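**Student:** Sequence and predicted structure are below.
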Amino acid sequence: MDLLELLKKRYSVRKFSDKKIEQEKLDLILEAARVAPTAVNYQPQRILVIESEEALDKLKNCTPYHFNAPLALLICYDKNVSWKRGCDSYDMGEVDASIVTTQMMLEIENLGLGTTWVGSFKPDALKDEFNIPDNFIPVAILPIGYPAVDAAPSPFHSQRLDITETVFYNTFK
């Protein structure tokens, strides 16, 4: 499939079947994360695979946006490893974790699975429930599964601003 076609086809799946994800597919998703570009190639991403019934129940204490998916990935970055920009010490860890998350999302779609980027969660609850070290910063949760038969894109999915509203040339004025 053409990349642009894949990008347009992907939507945020919020309703999953209870079919388990095959290990081979999970391995491909995690490989997409492993090969993602990161600042200075420091690779600060730290990914927790949440697949047991007990762990999935713990996730429900951290966010209402779990969508009862049979699998979830918690994407963090290690602030002790992430590159800091020299001129202002800006930490690129969140950017790196976002790139990693995006690549996984695209591989998930490519494999015929579904997901949605969940950014609404309680960081302290995640840290408590999953024993996250203090230097790991949670960025995103990806609930993953086979879309339910009646899963559908949000009514707003196809609404996009005109490119002239978001792209500028040479100056913003």
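**Tutor:** On my side now, so go ahead.

**Student:** burial measure for the nearest residue to residue 110 once chain neighbours are set aside, as a count.
**Tutor:** Using CB to CB, 6 or more residues apart in numbering and skipping residues adjacent in sequence, the residue nearest residue 110 is residue 6, 6.3 Å away. For every residue, glycine as well, the C-beta is placed using N, CA and C. Neighbour count of residue 6, defined by other CB atoms under 10 Å: 13.

**Student:** any idea whether residue 6 is helix, strand or coil?
**Tutor:** Each residue gets one of three states, and residue 6 gets helix by DSSP: H, G, I helix; E, B strand; the rest coil.

**Student:** List the contacts of it.
**Tutor:** 106, 109-110 (CB atoms under 8 Å, 6 or more residues apart in numbering).

**Student:** what pLDDT does it get?
**Tutor:** Listed pLDDT for residue 6 reads 93.

**Student:** can you offset everything so residue one is 7?
**Tutor:** With the count now opening at 7, the last piece we talked about shows up as residue 12.

**Student:** what's the spacing between it and residue 118?
**Tutor:** Separation of residue 12 from residue 118 (CB to CB, to the nearest Å) stands at 11 Å.
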